[in-house]
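S.K.: Give me the fold of what follows.
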Amino acid sequence: MDGPLYRTLLVEDEPTTRVFLEAVLRSRGHDVEAYADAESAWERAQREHFSLAILDMWLPGMDGAALCRRLRKLPRADETVVLFVTGAERIEDLGSALGAGADDYLVKPVNTANLPVRLALAERRVHFLLDRKRTEAGLLRDALRDSVTDLVNRTLFYERLNLTARRAERENRKPGRATQYLYAVLHLNIDGFGKVNAELGYDVGDAVLHETARRLEACVRAGDTVARFGGDEFVVLLDDLKDVSDPTRVVQRIEEAFRLPFQVGERTIELTASMGIALSVAGGTVASLLDSRRGHPSASEGAAPARVPPHRRGREPRDAAPLPAHRGDRYGAAGRDGGAGSVERPTPRDRGTGPLHRRRGGDRSHPALGTVGPP
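M.R.: Got it, this is the predicted structure:
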């Protein structure tokens, strides 16, 4: 919470009582906004959140109960503690105050004998509400974020993907739109990552995953989404593309990022990645492609992803249909099963333990990791 913990709204029409209450509150660390009428206080409360509101029950014009009912309709009303100050002695009047949404009340005349206890109770409740908000925010964050990399997790990624798909559909239906609204999904796996975990330890593996996340974020725009689905599987949503070649340039930046070794303590580890691209086309989304690659039911049946071999960057398909695979490409396009293309890469090299030696079939041997090959 930014600023003072107690941002307090004080509404009291009696000048002597108002000055006394404001002085006591400030002495307890409250940042106070004091008003003599409910209308002025309500105007202020609509523009700024207050953690504590102290209201006189009887005010000229709008009374305290009416103001309290309005405060309880504000967006963050459940984060405000309301304390009534009243001269009412009848039980029904106090019941009316509590019924309007007050948490507690203080009977006039206000003095140093009864005020500190009531304020302490109100401040304790402010602390409780703040702690609850932080706990709820933490639980929500944990539910939508990957704990190792602090990236978006699968749940939030699919939510953003579906929002992007719906936005693309709306945009493409607009009359007079000259070009399609394009977005793409990039799928990435770290080659041989299982061997890193198994032979170098999970702490090293987690450090590699965390650094991979930061490198991927540095390769995309602020509005794009980088997610970790689990293990060494990362997915990137590239939104609102200007050209079909844009994903290719992202892949090239990721390639450059992976050419830098991973430094984990005293270890220097060389890693590479396998990547595939799926580009949206009219009438479908890439959600079904992403799900089918992972063995999940499609979130949107009938999707028609376009596959973009990076070597063809800058050449847009005339009808936005899937581009064919080309053997011998540095990046393989989709295979017969419709999956996204992949990049064949060498497997990890740990400079801290020794060199890699090539073996047949693309496998390699390592003094510490043993024989490693494509995942």
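
S.K.: Where does the prediction get shaky in the stretch 1-150 of the chain?
M.R.: Screening the stretch 1-150 of the chain residue by residue with the criterion pLDDT under 70, one finds the ranges 1-4, 88-93, 137-139.

S.K.: Then the stretch 151-300 of the chain?
M.R.: Using pLDDT under 70, the flagged stretches of the stretch 151-300 of the chain are 281-300.

S.K.: Helices along that one, start to end?
M.R.: If DSSP state H, counting those that start in this stretch is used as the criterion, the helices of the stretch 151-300 of the chain fall at 154-173, 193-195, 202-219, 246-259, 287-294.

S.K.: Pro116: what secondary structure?
M.R.: The local conformation at Pro116, judged by DSSP: H, G, I helix; E, B strand; the rest coil, is helix.

S.K.: elements contacting whichever strand or helix holds Phe84?
M.R.: Assigning secondary structure by DSSP states H and E places Phe84 in strand 81-86. With contacts defined as 3 or more C-beta pairs under 8 Å, 6 or more residues apart in numbering; DSSP states H and E, the secondary structure elements packing on strand 81-86 are strand 52-56, helix 64-71, helix 91-99, strand 104-107, helix 115-144. C-beta: built from backbone N, CA, C; applies to glycine.

S.K.: Flag every buried residue along the last one.
M.R.: Of the residues in helix 115-144, those with enough neighbours to count as buried (16 or more other C-beta atoms under 10 Å) are 115, 118-119, 122-123, 125-126, 129.

S.K.: Could you dump those into CSV with distance to Thr80 added?
M.R.: Formatted as CSV, these follow (distance: C-beta to C-beta, whole Å):
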residue, distance to Thr80
Leu115, 20
Arg118, 16
Leu119, 15
Ala122, 11
Glu123, 13
Arg125, 10
Val126, 9
Leu129, 8
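
S.K.: In contact with the residue nearest the centre of the chain, which residues?
M.R.: In the chain, the centroid-proximal residue (C-alpha atoms, centre = their mean) is Val152; its distance is 6.2 Å. By C-beta atoms under 8 Å, 6 or more residues apart in numbering, the contact list for Val152 reads 144-146, 160, 225-228.

S.K.: Kindly report the same for Ser96.
M.R.: Neighbouring residues of Ser96 by C-beta under 8 Å, 6+ apart: Ala65.

S.K.: Any figure for the gap between it and Ala66?
M.R.: Summarising the geometry, the distance separating Ser96 from Ala66, computed by C-beta to C-beta, to the nearest Å, is 11 Å.

S.K.: repeat for Ala278
M.R.: Remark: distance between Ala278 and Ala66 (C-beta to C-beta) = 57 Å.

S.K.: and these two? which has more neighbours close in?
M.R.: A direct count of neighbours by other C-beta atoms under 10 Å for Ala278 and Ala66 places Ala278 higher, at 29 against 14.

S.K.: Wait, the more buried one touches Leu182, no?
M.R.: No - contact status for Ala278 versus Leu182: not in contact, 11.5 Å apart, counting by C-beta atoms under 8 Å.
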